[in-house]
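Chemist: Structure, please.
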Amino acid sequence: MSRRDRDRPQAAASPVTVTVCRGCCCGTEEKHPGVDHAGQYERLRAAVGTAGRVRAVKCLDACTHSNVVVVGPSGAGRAAGGRPVWLGWVLADDMVDEIAAWVHAGGPGLADPPGLLDLQEISVSRRIREGLPD
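Modeler: Okay, here's the model as predicted:
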């Protein structure tokens, strides 16, 4: 066990984290007219409820795939081998529902993504992945 692991005894209790990009491209009417970005974010927060944590960040630097959402594993999911999953083009309400269902099922490492979310998965550079705030 590393010192870092000893210093973080609550790691197994950490929830699934859903990070929603709402910066320069994602979440803008200019790039995605007709999408209720604020409503979508609030629907996601309500649907996830206490099963996880939803947060918005300014920019995840993956603008060609906007709207970008990252689903990070819980402590238990990470222990089971789960890693953050980057999703692109999250624009429809059914995607919000599927993300929330995945969080309720345990998220990365504990449950496979439901529906068509696996088709939304994107790859980003290590530089971008490492820039995601904790």
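
Chemist: what about Gly77, which helix or strand?
Modeler: helix 75-79 (DSSP states H and E).

Chemist: residues of that helix that come out buried?
Modeler: Gly75, Ala76, Gly77, Arg78 (16 or more other Cβ atoms under 10 Å). All C-beta atoms are positioned from the backbone trio N, CA, C, and that covers glycine.

Chemist: quick one: Gln120 and Ala92 touch, right?
Modeler: No. Look at Gln120 against Ala92 with Cβ atoms under 8 Å: they stay out of range, at 10.0 Å.

Chemist: The two: which has the busier surroundings?
Modeler: Between Gln120 and Ala92, counting by other Cβ atoms under 10 Å, Gln120 is the more crowded of the two (22 against 14).

Chemist: Distance-wise, check Cys59 relative to Thr28.
Modeler: Cys59 sits 11 Å away from Thr28, going by Cβ to Cβ, to the nearest Å.

Chemist: Tell me who's in contact with Val68.
Modeler: Val68 sits next to Cys21, Cys26, Leu60, Ala62, Trp86, Leu87, Gly88, Val90, Ile122 when contact means Cβ atoms under 8 Å, 6 or more residues apart in numbering.

Chemist: quick one: the strands in this protein?
Modeler: Secondary structure of the chain (DSSP state E): strands at 16-21, 52-57, 69-72, 85-87.

Chemist: For Asp112, find the nearest of those.
Modeler: Comparing the strands of the chain by their distance to Asp112 (Cβ to Cβ), the top pick is strand 85-87, with 10.5 Å.

Chemist: what residues are shared contacts of Cys59 and Thr28?
Modeler: By Cβ under 8 Å, 6+ apart, no residue touches both Cys59 and Thr28.

Chemist: Show the contacting residues for the residue lying closest to Gly27 once chain neighbours are set aside.
Modeler: Of all residues not flanking Gly27 in the chain, His37 sits nearest, at 4.3 Å (Cβ to Cβ, 6 or more residues apart in numbering). Residues in contact with His37, defined by Cβ under 8 Å, 6+ apart, are Arg22, Gly27, Thr28, Glu29, Asn67.
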